[in-house]
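Novice: okay, sequence plus prediction incoming.
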Amino acid sequence: MNKFITTFLVIFIPWILLTGLNIMEIALGGIVSIIISVIISKQLDYGMNVYSIPKVFKFLFIYIPVFIVELIKANLDVAIRVLNPKLPINPGFVKIPTNIKSDYGRLTLANSITLTPGTLSIDVDDQFVYIHWIDVKGNSPEEYQANVSSSFEKLLGGIFK
Amino acid sequence: MIIITYILMVIGAFFYAIGGLGIYRMPDLFNRAQAGTKATTLGTLSLLLGIGVANPAWLPKIFIIIIFIAVTNPVGSSALARAGYVTGVAKYEGTVIDEMQGYFVEECEIDE
């Protein structure tokens, strides 16, 4: 039941935001959301309940601003590299240790690594995130971590555990 | 207000151009994926925000679209890079370190 309500809200709120306040749209969206939530909360196995909602808000207000700033820095970095006639790249594949245990947390970490300066995550396993780094700095996994993901690690560790 | 829209749209177009130039100039698949993903993400965000400023009634929709793009774009480029690595796409000869050597060996055998 818990799972059903949360799934319903997750589907229905974006629908309202997308269509606006129109009685027909809300009625139709409500009916379709109920059908979809019944089906997928019965058939699929995923952890979601009412306690996830504060996490979502924490996520939106703490994480998103940091993320946007990093995204802009990443873009300027790429722009400078691409426009430089010498093409200053020093690429490599490295692995970075991570302490985040939850699946959503690791997914978000991998996504943020992809959108920060010069890094692209390729795969994630239990202990490491494997990344392609356009300008490798440092010699050991700990140094790589300090250069790439430590700020996100702290933030996401607080939100997801 | 319309001036802010134009500025945001020009910024978006600029980053799209950088993304295209990056795909042309970078030496291998992984570096190209980097330039392509990042520049187009910010380009799209900026363009959409510009539209939102011009027509504030659309702002909620714009935010939803921005969240979808910010979440799905990195996943897509990750999948591309991973597929490239698994199938053994040639790497740029200036690649300084490769700690993933051997990581995908099992999966390659399954694929064959």
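Specialist: Here it is on my side, so go on.

Novice: in which helix or strand does the residue positioned nearest the centre of chain B reside?
Specialist: Using C-alpha atoms, centre = their mean, the residue of chain B that lies closest to the mean C-alpha position is residue B:37, 1.0 Å off. Secondary structure assignment for residue B:37, by DSSP states H and E: helix B:29-54.

Novice: mind checking if that helix is in reach of chain A?
Specialist: Yes - with C-beta under 8 Å from any C-beta of the partner chain as the criterion, chain A is reached by helix B:29-54 at B:30, B:31, B:33, B:34, B:35, B:37, B:38, B:39, B:41, B:42, B:45. Every residue, glycine included, has its C-beta placed from N, CA and C.

Novice: can you pick the most crowded of those?
Specialist: residue B:38 (31 neighbours; other C-beta atoms under 10 Å in any protein chain shown).

Novice: show me the contacts for that residue.
Specialist: A:71, A:74, A:75, A:78, A:115, B:19 (C-beta atoms under 8 Å, 6 or more residues apart in numbering or on different chains).

Novice: which residue packs closest to the residue nearest the centre of chain A, ignoring adjacent ones?
Specialist: By C-alpha atoms, centre = their mean, the mean C-alpha position of chain A lies nearest to residue A:108, the distance being 2.7 Å. Nearest residue to residue A:108 in three dimensions, chain neighbours excluded: residue A:156, at 5.8 Å (C-beta to C-beta, 6 or more residues apart in numbering or on different chains).

Novice: residue A:55: neighbouring residues, count only.
Specialist: Neighbour count for residue A:55, taken as other C-beta under 10 Å: 13.

Novice: which helix or strand contains it?
Specialist: Using DSSP H and E, residue A:55 falls in helix A:52-58.
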